[in-house]
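Peer 1: any chance you could fold what I've pasted below:
(2 chains)
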Amino acid sequence: MSNAPAIVAAQTPVRRRRVALLELARKNRGVVVGLVLVGALFLAALLSPVISPHDPIATAPDEAYLPPLAPGHILGTDELGRDQLSRVLWGARVSLPVAFVAVAVGLVGGGLIGIVSGYAGGVADLVLMRLVDALLAFPALILAIALVAALGPNLRNAMIAIGIVAVPVYARLIRAVVLQLKQMEFVVATRSLGATPIRLIVRHLIPNLMNPVLVQLSLSAGFAILAEAVLSFLGLGAQPPTPDWGQMITIGRTFLPNDPWLAIVPGIAISIAVYSFNLLGDSLRDALDPRLRD
Amino acid sequence: MTTYVLRRLVLMMPVAFLVTVGVFMLIHLSPGDPALVILGEDRTPDAIAQVHRDLGLDRPLYVQYGIWASRIVRGDWGRSITTHEPVWSAITDRLPATLELGIAALLWSLAVAIPLGTIAAVRRGSIVDRVATGVAVFGVSVPNFFIGIVLIFVLSVTARIFPFGGYVPLAQDPLESLRHVALPAIALGTAGTAINMRFTRSSMIEVLNLDYIRTARAKGNSWRRVVFIHALKNALIPVVTIVGLQIGGIIEGAVVTETVFTWPGVGRLAVESIYNRDYTVVQGVVLLAAFSYMFANLAVDLLYGWLDPRISYA
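Peer 2: Numbering: from 1, shown residues only, chains lettered A, B, ... in the order given. Here you go, the predicted model:
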């Protein structure tokens, strides 16, 4: 979570940076590959009702335990005869919204704390940052698991828990950028021209936060998908018969000796999804941070 | 140095206080009455009131916190709601297994990450570098429970090289203990391997560009000697930071890995307690995880300054 991209962001006017971003995407293959993979995931989630060959929940006991490449079932079927490909595609419809909501909770919560803390300083900063430190004192997954255990195991609570875990990350990041921006001439000038704090934050600070936040959004979406998979694997997230990747692995692993694909197929799906967001975030960071550029 | 340590400890106080408040509140976040969980089917109004009195749930929240916190400080972490065993001994009984797994995972990750990261840095841009860096991003993305399941399938179920699950204490039978810990350690250590490799690589690249390395080369030292003796020592300083945090996070990683490998450690205790709604045990494990993480952070900062004397404590 380097703040270096933020420094770059703060020193470049917004419009020129957007053009530069496209330029970087062209030069950095990782950004393009990441974008394509993430795009494909979103398409899978959006189009799963149309492109799924079968109903992901409908059982067909006669067709149970079909191996991959069986006629009509490219990825085989599970113990209840449900089509694995359809379940994996619909799984994206569970994972991505969880990641989306969790990241939004983290961004809004952490963003508010970060902006207020960085802009106001003083006692507000001191108090808010101790709260953030306390949240950071918990290992991320432990905090998510503990929150879900307390709130009750279901997808909605999993989203909230993963979002809360992301709050301190955004708060720290955004506070650091705001502190840097506050010293910049354009901010001082805008303030001396009589701009209200709200106007200054909305019109000048937030647009300049975009680059570092973009990197973090991608990385925390990857973490959110992973965390949701862990929670569902432990039985604390999605509940049956929802086609959820983590939960498919939990069930699949009981059939490991004879039908390993039941656990392996959803495992690969999770890995690809998390990898896509991590690759995008990592490549964006490399592209935006001149110190890492060759 | 002493002043610095003291200052850090003082600064930790408010955070530690907030952490304990957070852990204490966990039980109050949960929907429903803990008394109903404890009593199960056998719930008369009198019995419920009795449990409330026993747990102090009938008092104001801040009083409950005060009582709970003072007990925690004195080492009384309460009793398990389901087994009535003291929480502290439930945790410490399971801690050796978790530590063995965590340390084995860490050793595995370092044994792979340091040589690979060094080679990737020395041969920057080569095929080895590209493959290693690519694999590293992927390594962080694969869930460790999935790696565990694949390892079980390939090396335990199919090839029958390693046993599936179970724990043999190191002191009891070292060889058998290593055979049992191998798969869970690899599963748990993979994400760490990827992270440590990337840290070693980037730090090594930075160090190799420094003047003293050129001087060492100019003095006629072999490249190998310069890389492994002169450069590596300094390049590993940032790696220490991340390794320290990984030690602090052992319990976190263990939660899932222990569940997959039926490893009788603290992580599995946490998961079982969640299933049984045994909140006192969950509270204990979360508190321990948070505190070990906090102290690992502190230890890392101190170690960092000791390893690199240029870092000032002022």
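
Peer 1: low-confidence regions, the stretch 151-294 of chain A specifically.
Peer 2: Residues of the stretch 151-294 of chain A meeting the criterion pLDDT under 70: A:289-294.

Peer 1: quick check: B:P14 vs A:V132, distance?
Peer 2: Separation of B:P14 from A:V132 (C-beta to C-beta, to the nearest Å) stands at 12 Å. Backbone N, C-alpha and C define where each C-beta goes, glycine included.

Peer 1: could you check which of those two has the larger neighbour count?
Peer 2: A:V132 (23 against 15; other C-beta atoms under 10 Å in any protein chain shown).

Peer 1: pull out the buried positions in whichever strand or helix holds that one.
Peer 2: Element membership of A:V132 [criterion: DSSP states H and E] is helix A:122-136. Using 16 or more other C-beta atoms under 10 Å in any protein chain shown as the burial criterion, the residues of helix A:122-136 that qualify are A:125, A:128-136.

Peer 1: out of those, who's near chain B?
Peer 2: Among the buried residues of helix A:122-136, the residues lying close to chain B (C-beta under 8 Å from any C-beta of the partner chain) are A:130-131, A:133-135.

Peer 1: quick one on the thing from earlier: pLDDT for the buried residues of helix A:122-136 - can I get that in a markdown table?
Peer 2: Below are those laid out as a markdown table (pLDDT from 0 to 100):
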| residue | pLDDT |
| --- | --- |
| A:D125 | 94 |
| A:L128 | 94 |
| A:M129 | 93 |
| A:R130 | 91 |
| A:L131 | 92 |
| A:V132 | 94 |
| A:D133 | 91 |
| A:A134 | 92 |
| A:L135 | 93 |
| A:L136 | 91 |
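
Peer 1: nearest to chain B, of the residues you listed?
Peer 2: A:A134 (3.5 Å; C-beta to the nearest C-beta).

Peer 1: now residue 277: closest residue in space, sequence neighbours ignored.
Peer 2: Since you didn't name a chain, this refers to chain A. Nearest residue to A:F277, sequence neighbours excluded (C-beta to C-beta, 6 or more residues apart in numbering or on different chains): A:G222, at 3.5 Å.

Peer 1: oops, chain B please
Peer 2: Leaving aside its chain neighbours, B:R277 sits nearest to B:V37 (4.7 Å; criterion: C-beta to C-beta, 6+ apart).

Peer 1: same question for A:V116.
Peer 2: Spatial nearest neighbour of A:V116, chain neighbours left out: A:A124 (6.0 Å); criterion: C-beta to C-beta, 6+ apart.

Peer 1: so how far is chain B from A:L69?
Peer 2: Per C-beta to the nearest C-beta, to the nearest Å, A:L69 is found 19 Å from chain B.

Peer 1: worst-scoring helix or strand of chain B, pLDDT-wise?
Peer 2: Counting by mean pLDDT, DSSP states H and E, chain B has its least confident helix or strand at helix B:34-39, which shows a mean of 74.

Peer 1: right, and the helix or strand after the helix or strand encompassing the residue nearest to A:F277?
Peer 2: In this assignment (DSSP H and E), A:G222 forms part of helix A:206-233. Using DSSP H and E, the helix or strand that follows helix A:206-233 in sequence is helix A:245-252.

Peer 1: got the buried residues for that following helix?
Peer 2: A:245-250, A:252.

Peer 1: for chain B, state which of those is nearest.
Peer 2: A:I249 (6.4 Å).

Peer 1: help me confirm that that closest one comes into contact with B:F146.
Peer 2: Yes: here A:I249 reaches B:F146: they are 6.4 Å apart, a contact under C-beta atoms under 8 Å.

Peer 1: what does the stretch 101-250 of chain A put close to chain B?
Peer 2: By the rule C-beta under 8 Å from any C-beta, the part of the stretch 101-250 of chain A lying against chain B is A:130-131, A:133-135, A:137-143, A:145-147, A:149-152, A:222, A:226, A:229-230, A:233-236, A:246, A:249.

Peer 1: who in the stretch 51-200 of chain B is up against chain A?
Peer 2: Taking C-beta under 8 Å from any C-beta as the contact definition, the stretch 51-200 of chain B meets chain A at B:125, B:137-138, B:140-143, B:145-146, B:149-150, B:152-153, B:157.

Peer 1: whichever of these end up buried, select them in ChimeraX.
Peer 2: In ChimeraX, a selection of the buried entries from those looks like this (16+ other C-beta under 10 Å):
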select /B:137,138,140,141,142,143,145,146,149,150,152,153
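
Peer 1: number of nearby residues for the residue in the stretch 201-314 of chain B that chain A sits nearest to?
Peer 2: For the stretch 201-314 of chain B and chain A, the shortest gap (C-beta to the nearest C-beta) falls at B:E252, measuring 3.6 Å. For B:E252, the neighbour count with other C-beta under 10 Å is 23.

Peer 1: what do you get for A:P207?
Peer 2: A:P207 has 14 nearby residues by other C-beta under 10 Å.

Peer 1: please name the residues that touch the residue nearest the centre of chain A.
Peer 2: Centroid-nearest residue in chain A, with C-alpha atoms, centre = their mean: A:A221, separated by 0.7 Å. Shown in contact with A:A221 (C-beta atoms under 8 Å, 6 or more residues apart in numbering or on different chains): A:99-100, A:103, A:277, A:281.

Peer 1: reformat these as CSV; add secondary structure and neighbour count.
Peer 2: CSV is the format used below for the contacts of A:A221 (DSSP: H, G, I helix; E, B strand; the rest coil; neighbours: other C-beta atoms under 10 Å in any protein chain shown):
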residue, secondary structure, neighbour count
A:A99, helix, 27
A:F100, helix, 15
A:V103, helix, 25
A:F277, helix, 27
A:G281, helix, 25
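
Peer 1: ok, those residues vs chain B, which is closest?
Peer 2: Of all those, chain B sits closest to A:F277, with 8.3 Å by C-beta to the nearest C-beta.

Peer 1: separation between that closest one and A:F233?
Peer 2: Counting by C-beta to C-beta - A:F277 and A:F233 are separated by 19 Å.

Peer 1: which pLDDT value does the model give the closest residue in space to A:Y275 that isn't next to it in sequence?
Peer 2: Once flanking residues are discounted, A:Y275 sits nearest to B:S141: 3.8 Å by C-beta to C-beta, 6+ apart. pLDDT for B:S141: 92.

Peer 1: the chain: helices as residue ranges?
Peer 2: Reading this off chain A. Along chain A, the stretches classed as helices by DSSP state H are A:4-11, A:14-27, A:29-51, A:84-120, A:122-136, A:140-151, A:155-182, A:185-192, A:197-199, A:206-233, A:245-252, A:261-288.

Peer 1: actually, chain B is the one I wanted.
Peer 2: According to DSSP H, chain B carries its helices in the segments B:2-29, B:34-39, B:45-55, B:61-73, B:87-122, B:127-141, B:144-151, B:174-208, B:211-218, B:223-225, B:232-248, B:250-260, B:266-275, B:279-307.

Peer 1: contacts for the fourth one, please.
Peer 2: With C-beta under 8 Å, 6+ apart as the test, helix B:61-73 has contacts from B:20-21, B:24, B:28, B:56-57, B:59, B:77-78, B:287.

Peer 1: tell me the spacing between B:E41 and chain A.
Peer 2: For B:E41, the distance to chain A equals 20 Å [C-beta to the nearest C-beta].

Peer 1: just give the number of residues close to that residue.
Peer 2: Neighbours of B:E41 using other C-beta under 10 Å come to 5.

Peer 1: same deal with B:V23?
Peer 2: 24.

Peer 1: same deal with A:F255?
Peer 2: 15.

Peer 1: for the one 4 residues further on, same thing?
Peer 2: As a burial measure, the neighbour count of A:D259 was computed by other C-beta under 10 Å and equals 19.

Peer 1: that older thread, residue contacts, the residue nearest to B:R277?
Peer 2: Applying C-beta under 8 Å, 6+ apart to B:V37 gives the contacts B:81, B:277, B:279.
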